[in-house]
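Novice: Fold the stuff below for me.
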Amino acid sequence: MWKSILIGLAALPLLAQEPTADDLKDLALTLDQPVQAASKRSQRLKEAPADVTVLRGQDLLDLGYRTLGDALGGVLGFQTQEDRAYQGVAIRGLYVLGDQNTRALILLDGHPLNSAVEVGSSKVGEDFGIPLDQVERIEVIRGPASSLYGNSAFLGMVNVVTRDPAPGRAGGEVQASASTRGLGELDGTLGGALGATSWQAMVSGMRRNGTATDFPELQQPAFPADLDREDRQSAYLRARGAAWSLAAYAMDRTQRLASAPFSSTPGSPDNRYTNQIAFGDLRFTPTLGPVETLVRVYGDRNVFKSAFDYDGIRLPGIQGAFAETDPNWSLGLEVQGRARFGSSLLVTLGGEQNWQHYSGVATQGGDEVLTQVRHRAGNFYAQAEWAPVDFLTAIAGVQDAVWTVAQAQSVIDGQRQSYPASTLQGVTPRLGLILQPGSMDILKFLYGGGFRNPTIFEAYYSDVGSFRANTDLRPERITTLQAIWVRVWRTGLQTQLSASRSRWTNLVQHVDLADGFQRSENMPGAIQGSSLEAEIQGHRGEWLFYGQAGFYRWEQGGLPMPDAVHAQGALRVIRHWGDWSASAEVRQMGGREGYPGVRGTPASTVLRGSLRWQGPRFWLRGVLEDAGQARRTDLVATDYAPITRMPADGRTFLLTLGVPF
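Specialist: I've put the predicted structure just below:
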């Protein structure tokens, strides 16, 4: 398969003849398109001090991706991971089993969806909740970005930018989707303008009736589809004036768990996860003389709930209903200023503080554990961009971050245990050099660091019979060196080659204790990672081509990391003619290493296709996913023992009808 992909990448230039002036103009616009995430400001993609891939809104329409995870699975260096509860994301070949995207920062129009608790959430699956047909672009950054964004921007980050409402009178769209896997979704969008203020509202509701699931390790018949059912409702409101903007978001999702994690009773309809996310984000962006400013006030509420039924068989001594609720509230303030000195120097200074309150409760029978944590996260960041000549830009940045736990306590069986106040602090650098030796070439040399503080769940969570707190955890640290070459060829194609080297310390993972409990601990030693990646894209008339290949290696103590992919690739093509568009995509994922005592997973090739028709009054799209019935298999964390792997659903047809008004 890899030989075919490489031959296909090499052959694409031969498919194109000499480009027209319009071809080269379109390619230049690709490099000049805006990117907001790399430097917390709008800049051209070719100037961004980051390894960036942008998925354009029109391509999202043509390809028919439904969830953010679906779209990211087709991006170089990103792969999705399924455990029938959440959709995780691996970056540059590595996924830490059990992680719920705590090492990738997910932004919605610049607002982080990650929380300090980070339990029971993925932010890229159904709990994202924004229809991708209403997305202007998705900015994907490979590599750490903590010098500006702080915690969670560890391995990479994703910023989803939604569409602005069309100018003029109020209007919108209603669309409905249904699939052969029992999924139904109804989305609505309405937007318009009131004087100088534009506004837009989105609502979405989804139900997936579930898939009959079979886990051979349990040695029992397949569970009925209803035990895998999923429901989600979400709403998003945006308003924008000349120097201000407002965003408000709410999402509620419930997933039944046929997989019975944490040794709960297989087949019980009471096993489920619930996620509730809400935020408000108000920004003022006045220009004060030569200084562009930002004052941002925001608040977040994240609630995770779980319920399990225990029969005392898989986990002797534990029987009855278990329930857990983990709410976290936060309020934050960010102030930023940006000024240009002369014609060559741009300086950004900023600071952010947020105050958070977590209060969780876990109950089993008559036993109860209460946990409360009050904490504050703050940072100061600075970045300078110096362009002494047209073909050279140098970037230097630094962030000083502080995470302070002012009060933390647990009440277990009526006994109060107070944890000492603690502070974690670190400085994260960023250096970059961007060269444009000619109109057709861009060279980027980047050095950056990332940190990830222990989540509240990892450091302070305790329950009745399975997990203990560990307040001595240290932050994870990573440094990455990247080299990138972007080339626009006279054949009408654009290529990108990149190589990276990373060093990661203090990895946090769950470990089993001698008394049967678990807790989080920092793993000894450093993880070394390296990557070599290539992209090629272009168009000829109404045809668009894209290809990618990535090769990765992650080691700890000279041994391969478990669940690490050594190679991945993808090819896709989009064709427009008249009112029609069609796309085809093939994704190849190499085999992955298993963890001790568990064999790895084999390589897989997944095919998908989409056909879309745009009429004067409505549009219609059909998407065939996993056309070859590959049913890719993923490893799962030890929380699911004795289950070690889960297959994807397989071939699915999705039909969507949209009606603009």
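Novice: Name the spans of the chain whose pLDDT lies under the cut-off.
Specialist: 1-30 (pLDDT under 70).
Novice: can you pull the contacts of the closest residue to residue 640 other than its chain neighbours?
Specialist: Spatial nearest neighbour of residue 640, chain neighbours left out: residue 261 (5.0 Å); criterion: Cβ to Cβ, 6 or more residues apart in numbering. Where you see a C-beta, it was placed from the backbone N, CA and C, and this is true even at glycine. Contacts for residue 261 (Cβ atoms under 8 Å, 6 or more residues apart in numbering) come out as 85, 271, 308, 639-640.
Novice: Also residue 621?
Specialist: 64, 610-613, 655-656, 658.
Novice: Now with 7 Å, please.
Specialist: 64, 610-612, 656 (Cβ atoms under 7 Å, 6 or more residues apart in numbering).
Novice: Widest-spaced pair of the residues you listed?
Specialist: 611 and 656 (11.1 Å; Cβ to Cβ).
Novice: which residues are in contact with whichever strand or helix holds residue 549?
Specialist: Per DSSP states H and E: residue 549 is located in strand 543-556. The contact list for strand 543-556 (Cβ under 7 Å, 6+ apart) reads 5-6, 8-9, 12, 76-77, 92-94, 525, 527-539, 560-561, 564-575.
Novice: cool, and stretch 353-361?
Specialist: Residues from elsewhere that reach stretch 353-361 (Cβ under 7 Å, 6+ apart): 116-117, 325-333, 368, 370-378, 456, 461.
Novice: Can you tell me which of these are buried?
Specialist: The neighbour count (16 or more other Cβ atoms under 10 Å) marks 116-117, 326-330, 332, 368, 371, 373-378, 456, 461 as buried among those.
Novice: relative to strand 543-556, how tilted is the helix or strand containing residue 141?
Specialist: When elements are assigned from DSSP H and E, residue 141 belongs to strand 135-142. Interaxial angle of strand 135-142 relative to strand 543-556 (axes from the mean of the first three to the mean of the last three Cα atoms, to 10 degrees): 30 degrees.
Novice: After strand 135-142, which helix or strand is next?
Specialist: Heading C-terminal from strand 135-142 (DSSP H and E), you reach helix 146-149.
Novice: Which strands and helices lie in contact with whatever helix or strand comes next after that following helix?
Specialist: Next in sequence after helix 146-149, counting helices and strands by DSSP H and E, comes strand 156-162. Identification of packing neighbours for strand 156-162 by 3 or more Cβ pairs under 7 Å, 6 or more residues apart in numbering; DSSP states H and E yields strand 104-108, strand 135-142.
Novice: residues touching residue 336, list them.
Specialist: Contact analysis of residue 336 by Cβ under 7 Å, 6+ apart lists 293-294, 348, 350.
Novice: repeat for residue 650
Specialist: With contact taken as Cβ under 7 Å, 6+ apart, residue 650 is in contact with 626, 629, 631.
Novice: Now render these as TSV, adding distance to residue 185 and neighbour count.
Specialist: Below are the contacts of residue 650 laid out as TSV (distance: Cβ to Cβ, whole Å; neighbours: other Cβ atoms under 10 Å):
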residue	distance to residue 185	neighbour count
626	19	19
629	23	10
631	23	13
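Novice: Give me the subset of these lying in helices.
Specialist: Among those, the subset assigned to helices under DSSP state H is empty.
Novice: Kindly indicate which of those residues lies nearest residue 469.
Specialist: Residue 469 lies nearest to residue 631 out of the contacts of residue 650, by Cβ to Cβ, at 39.0 Å.
Novice: I figured that closest one hits residue 648, correct?
Specialist: Yes - contact criterion Cβ atoms under 7 Å: residue 631 and residue 648 qualify, at 5.3 Å.
Novice: helix or strand right after the helix or strand containing residue 335?
Specialist: Here residue 335, judged by DSSP H and E, is contained in strand 319-341. For strand 319-341, the succeeding helix or strand toward the C-terminus, using DSSP H and E, is strand 345-364.
Novice: quick one, helices of the stretch 151-300 of the chain?
Specialist: Taking DSSP state H, counting those that start in this stretch, the stretch 151-300 of the chain contains no helices at all.
Novice: can you give me the strands in it?
Specialist: 156-162, 171-179, 183-194, 197-208, 230-240, 244-256, 272-284, 287-288, 291-311 (DSSP state E, counting those that start in this stretch).
Novice: okay, now the closest residue to residue 157 other than its chain neighbours: neighbour count?
Specialist: Of all residues not flanking residue 157 in the chain, residue 105 sits nearest, at 3.9 Å (Cβ to Cβ, 6+ apart). By the measure other Cβ atoms under 10 Å, the count of residues near residue 105 is 28.
Novice: Ok, residue 522 next?
Specialist: Residues lying near residue 522 (other Cβ under 10 Å) number 17.
Novice: Over to the one 3 residues further on?
Specialist: One way to gauge burial is a neighbour count; for residue 525, by other Cβ under 10 Å, it gives 11.
Novice: For it, which non-adjacent residue is spatially closest?
Specialist: Residue 525's closest residue in space is residue 557 (Cβ to Cβ, 6+ apart), at 5.2 Å.
Novice: and what of residue 594?
Specialist: Nearest to residue 594 is residue 600, by Cβ to Cβ, 6+ apart, at 4.0 Å.
Novice: The one you found: what's it in contact with?
Specialist: 591-594.
Novice: ok, the residues you listed vs residue 215, which is closest?
Specialist: residue 594 (16.8 Å).
Novice: any idea how far that closest one lies from residue 97?
Specialist: 10 Å (Cβ to Cβ, to the nearest Å).
Novice: shared neighbours, those two?
Specialist: 562, 635.
Novice: More neighbours: the two, which one.
Specialist: Using other Cβ under 10 Å as the criterion, residue 594 and residue 97 rank with residue 97 on top: 20 against 16.
Novice: That one and residue 635 touch, don't they?
Specialist: Yes - applying Cβ under 7 Å as the test, residue 97 and residue 635 come out as touching, 6.2 Å apart.
Novice: returning to that earlier point: buried residues, the strand holding residue 549. List them.
Specialist: Using 16+ other Cβ under 10 Å as the test for burial, strand 543-556 gives 544-554, 556.
Novice: And stretch 164-173, by the same measure?
Specialist: For stretch 164-173, by 16+ other Cβ under 10 Å, it's 165, 172-173.
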